[in-house]
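> I would like the atomic coordinates for the input below:
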Amino acid sequence: MGKSTKKTHKPKSEDTKQEKLYLLHMDLCGPMRVERVHGKKYILVIVDDYSRFTWVKFLRSKDETPMFIINENIGKLQPKADIGIFIGYAPTKKAFRIYNRRIRRIVETIHVDFDELTAMASEQSSSGP
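Coordinates of the predicted model:
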């Protein structure tokens with residue numbers, strides 16, 4: 001009898017769309033034997049595949065699940081900030097001038113987080129040898 005060999009699995013195809021909220025994993029658990037606060041017997045767990053951020057929601061019935069996902073709390077799953085382009089400094093006050101791509105306007109603000117690593121990575125990948 002010859003050696004047995006194991007067939008290899010096909011490699012997972014990598015998803016090119018790697019960003020927050022693109023792929024969410026959801027699990028609905030219940031009914032739990034012990035009621036939680038206010039008679040909530042079900043637990044909805046949502047995990048963002050990219051950031052691994054996790055939401056947990058306690059529900060009275062599993063029929064509340066679509067309402068939570070679609071209507072009421074969808075805004076909580078959206079990004080909290082806009083991406084802008086640094087233009088310069090405000091001439092009359094201590095603030096940055098940023099072009100906001102979502103509203104297509106230049107805004108002056110002091111509330112800015114600079115992500116220089118992303119800019120450097122795109123410069124490196126676009127420059128030739």
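> For the most centrally placed residue in the chain, give me its contacts.
Closest residue to the average C-alpha location of the chain: residue 20 at 2.6 Å, with Cα atoms, centre = their mean. The neighbours of residue 20, taking Cβ atoms under 8 Å, 6 or more residues apart in numbering as the test, are 48, 50-51, 53, 79. (Glycine included, C-beta is placed from N, CA and C.)
> Can you measure across stretch 18-32, start residue to end residue?
According to Cα to Cα, to the nearest Å, stretch 18-32 extends 35 Å from its N-terminal end residue to its C-terminal end residue.
> how about it: buried residues?
Within stretch 18-32, the residues that qualify as buried by neighbour count (16 or more other Cβ atoms under 10 Å) are residue 30.
> what about it, average pLDDT?
Per-region confidence: stretch 18-32 scores 84 on mean pLDDT.
> I'd like the next helix or strand past the one helix or strand residue 43 maps to.
Assigned by DSSP states H and E, residue 43 belongs to strand 42-48. For strand 42-48, the following helix or strand on the C-terminal side (DSSP H and E) is strand 54-59.
> got the contact list for the helix or strand just after that following strand?
Using DSSP H and E, the helix or strand that follows strand 54-59 towards the C-terminus is helix 65-66. Residues lying outside helix 65-66 but in contact with it, judged by Cβ under 8 Å, 6+ apart, are 28, 42, 44, 59.
> got it, and stretch 25-39?
In this structure, residues lying in contact with stretch 25-39 by Cβ under 8 Å, 6+ apart are 41-47, 49, 58-60, 62, 65, 69.
> end to end, how far does that stretch reach?
Across stretch 25-39, the terminal residues are separated by 25 Å (Cα to Cα).
> swap in stretch 23-40?
Between the opening and closing residues of stretch 23-40 we find a distance of 27 Å, counting by Cα to Cα.
> and stretch 47-63, which residues are buried?
Neighbour-count burial for stretch 47-63 flags 48, 57-59 (criterion: 16+ other Cβ under 10 Å).
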